[in-house]
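> Following is a predicted model, sequence given first.
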Amino acid sequence: MRGAHQTIVDQVTSWPDINTGPGRFAATVFYVGKREIGHIHGDGVVDIPCRKEKCAEWIAAGRAEQHRFAPGFGVSIFLRNDEDVQGAIELLRESYQFATRNKKAV
């Protein structure tokens with residue numbers, strides 16, 4: 001979805017302690033300390049690492065799909081419309097909140 005990348009980067013980088021860096025396949029990676037909370041590939045897809053149980057929960061709820069290339073990594077959210085963009089931001093926020101609760105992350 002056109003403009004999704006900038007919308008997501010603007011939102012996520014407004015959160016405290018978020019840093020970004022380049023990732024594989026032209027991704028922008030979001031970090032809390034050294035912990036990745038997710039990354040975005042252009043305007044097309046957000047990938048979020050998560051524990052097996054959390055991934056299963058998000059997939060069962062229809063909030064994400066199994067990561068397209070590395071199922072053990074986490075989930076993918078394909079950015080087709082505004083709702084997908086907002087859903088990706090919500091899941092990135094959950095990933096961020098998990099990371100900031102974990103003292104080893106920062």
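Nice, thanks for sending it over.
> Need the residue closest to the centroid of the chain.
Residue closest to the mean C-alpha point of the chain, counted by Cα atoms, centre = their mean, is Gly38 at 3.4 Å.
> Contacts only, for that residue.
Val12, Val29, Phe30, Val46, Asp47, Ile48, Pro49, Gly74, Leu91, Leu92, Ser95 (Cβ atoms under 8 Å, 6 or more residues apart in numbering). For the C-beta atoms, the positions are set from N, CA and C on the backbone; glycine is no exception.
> so the second one is in which element?
Secondary-structure element containing Val29, defined by DSSP states H and E: strand 27-32.
> Can I get the helix or strand following that strand in PDB? Just the C-alpha atoms.
Once strand 27-32 ends, the next helix or strand along the chain (criterion: DSSP H and E) is strand 35-41. C-alpha atoms of strand 35-41 as PDB (Å, rounded to 0.1, in the frame of the first residue of the first chain):
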ATOM      1  CA  ARG A  35      16.200  -6.600  20.500                       C
ATOM      2  CA  GLU A  36      14.400  -6.400  17.200                       C
ATOM      3  CA  ILE A  37      10.700  -5.800  17.600                       C
ATOM      4  CA  GLY A  38      10.000  -6.100  13.800                       C
ATOM      5  CA  HIS A  39      10.900  -4.800  10.400                       C
ATOM      6  CA  ILE A  40       9.200  -3.500   7.300                       C
ATOM      7  CA  HIS A  41      10.000  -4.200   3.700                       C
END
